[in-house]
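> Sequence first, then the predicted structure, then my questions.
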Amino acid sequence: MHFLCFLYRFLINLPINMEAIATIPRPPKTMFEVFESLPEGTLAQLINNQLVMSPAPSDTHQKVLMDISNRIYNFLEKNPIGVLRIAPYDVYFDRRNAFQPDIVFIVNERKTLIRENGLQGAPDLAIEILSPNTGKYDLEDKMEVYAANGVQEYWIVEPHEKRAKGYWLVKDEYHLFAEEEGVLNSKLFKKKFKF
């Protein structure tokens, strides 16, 4: 009991450092703030206000990503109609949805959406290479958000079988327009990319 009295008297006589209290950061209040506070390079997405983290992609996934992105990049070197970005690259749709598509393309007329922290709005083309941990999101939740935000062309690639499905946006709804193995036949680029 005497110790508690001593501790109380000691504590009430301590000077309060207001400067130190002012520098204590407030904890994040929303999932968007949590997402924004993650370290650079974190493999995380905000999908319908749910934080989804995943391990690094498989080697097969990485190979397909490099094959497709290299072919598109080489095309764009000769036809500079826009810019290409690959994951991890944040694409912000709203405060509930911030994705890291495997590949995105933005036409030159819309490059003003590009900021230092990523793309602030919908890309013109998005490509998702399926992974066991996140494939469900690519086929359902993310596809809906892409369509609702006007992503004109959306590709889903199964890396092991190299099966590519292309969707084209018509009146806020995706319609399957191509399904091939080892080929991405883009309407936007008017070109076939073999991978």
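Received it, and whenever you're ready, just let me know what you need.

> List of residues touching stretch 81-88?
Residues outside stretch 81-88 that contact it (Cβ atoms under 8 Å, 6 or more residues apart in numbering): 41-43, 65, 69, 72-73, 76, 100-108, 110-111, 114, 119, 123-124. Just so you know, the C-beta spots here come from the backbone N, C-alpha and C atoms, and that holds for glycine as well.

> how about a cut-off of 6 Å?
Identification of contacts with stretch 81-88 by Cβ atoms under 6 Å, 6 or more residues apart in numbering yields 69, 72-73, 76, 100, 102-108.

> again with stretch 152-163
With contact meaning Cβ under 6 Å, 6+ apart, stretch 152-163 is reached by 60-61, 64, 124-130, 138, 146, 164-169, 181-182, 184, 187-188.

> Give the buried residues for it.
By neighbour count, with 16 or more other Cβ atoms under 10 Å as the criterion, the buried positions of stretch 152-163 are 152-157, 159, 162.

> do stretch 28-44 as well
31-32, 35, 43-44.

> Most widely separated two among the residues you listed?
Farthest pair in those (Cβ to Cβ) is 32 and 43. Separation: 17.4 Å.

> Name the residues of stretch 112-125 that come out as buried.
Buried residues in stretch 112-125, counted by 16+ other Cβ under 10 Å: 114, 118-119, 121-125.

> Among these, which ones are in helices?
Among those, the subset assigned to helices under DSSP state H is empty.

> Just name the closest of those residues to residue 94, please.
Distance to residue 94, by Cβ to Cβ, is smallest for residue 121 among the buried residues of stretch 112-125, at 9.7 Å.
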